[in-house]
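Undergrad: predicted model follows, preceded by the sequence.
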Amino acid sequence: MKVTVTILGLLCSALLHAQGYPNKPIRLIVPFPPAETMDLMSRLIGAKLGERLGQQVVIENRPGASGMLGLDLVAKSAPDGYTIGAGQGGNMVILPHTSRNIPYNALKDFVPIALSTTNYLAIVGAMNAPFKTIGEMVAYAKANPGRLTVATNGEGGFPHLAFEHLRVLGGFTFTHVPYKGASAIVTDIVGGQVLTGITSIATATPHVKSERVRMLAVTNPTRVALWPDVPAAAEAVPGYESRGWFGYVAPAGTPRDIVLRLNMEINRAIREPDVWERDYAKYGKLVKDIGFTPQ
């Protein structure tokens, strides 16, 4: 009898917990600067999630160290469902293998909530660079070892490893120039500090359209509808492709009923018609441009 009463008490407690959540705003930590792909996606989905939950979802940007600083904050937050984080393949999968000082354990310190999107990257070059195509860039790098400077959003992050993969398959060398965020990459390419950068389509698109930088290639295995005249990097380096993903996590120990509620509402938010219509227009169609794919 005592065991039965205890089990019923636990079930009732969990039910009440689920029914009462959320009763205050939820903080969504984005470990990159404003206006980058992850930030745009999180604001889009966060607004819809807030509507569905009846509570505001507050976006808090905590950039630095290829996303490690923001995710470390999430990992150390109370596991109560009121602090969640935006993660991606670079800081959740790659960094644990490339950084000696990663402050969190990606497998133990988080519980996954939902996978929201998949994407590819853009390789861009300065307008006055000594190459105008991805093939010419590879040839330049081979003929001038170490003189190809390549900017990414951080040492050991997804863009860095994506370009390293291109280097290995292409048989060339380059000098890596890491930045805190993607916005500074385009600024320094335009300013002549670096020749090339690899960044998100969302970051690159407005600068390519204004002819401040040149789109050399996309890391998708084939050309994409948004840029039909831009080659896939695989056209110059056969066999190459590099695609990533974005998703959401909570601190380990977050109650399962809360995780399931967030998973359900994020997936519903992604599929709401006006996410594909009104909000595409609101964000200048950047969400559509980056190859947004519901999961």
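TA: It's in. Note that this is a predicted model, so its numbers are computed, not measured.
Undergrad: quick one: the strands in the protein?
TA: 26-30, 57-61, 83-88, 110-126, 149-152, 175-178, 196-200, 213-218, 243-251 (DSSP state E).
Undergrad: for the second one, buried residues please.
TA: Buried positions in strand 57-61, judged by neighbour count with 16 or more other CB atoms under 10 Å: 57, 61. From N, CA and C alone the C-beta is placed, and that goes for glycine too.
Undergrad: any idea of the mean pLDDT in stretch 62-72?
TA: Taken as a whole, stretch 62-72 has an average pLDDT of 91.
Undergrad: now do it: distance to the chain's middle.
TA: 12 Å (CA atoms, centre = their mean, to the nearest Å).
Undergrad: check stretch 161-178 too.
TA: With CA atoms, centre = their mean, you get 20 Å for stretch 161-178.
Undergrad: got the contact list for Ile189?
TA: Taking CB atoms under 8 Å, 6 or more residues apart in numbering, we find Ile189 in contact with 124-126, 151, 195-197, 213.
Undergrad: repeat for Val186
TA: For Val186, the contact set (CB under 8 Å, 6+ apart) comprises 124, 197, 199, 203-204, 207, 212-213.
Undergrad: switch the cut-off to 6 Å
TA: His207 (CB atoms under 6 Å, 6 or more residues apart in numbering).
Undergrad: distance to Met137 added to the strands of the chain, as a markdown table?
TA: A markdown table is the format used below for the strands of the chain (distance: least, CB to CB, whole Å):
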| stretch | distance to Met137 |
| --- | --- |
| strand 26-30 | 31 |
| strand 57-61 | 32 |
| strand 83-88 | 25 |
| strand 110-126 | 7 |
| strand 149-152 | 10 |
| strand 175-178 | 14 |
| strand 196-200 | 7 |
| strand 213-218 | 6 |
| strand 243-251 | 20 |
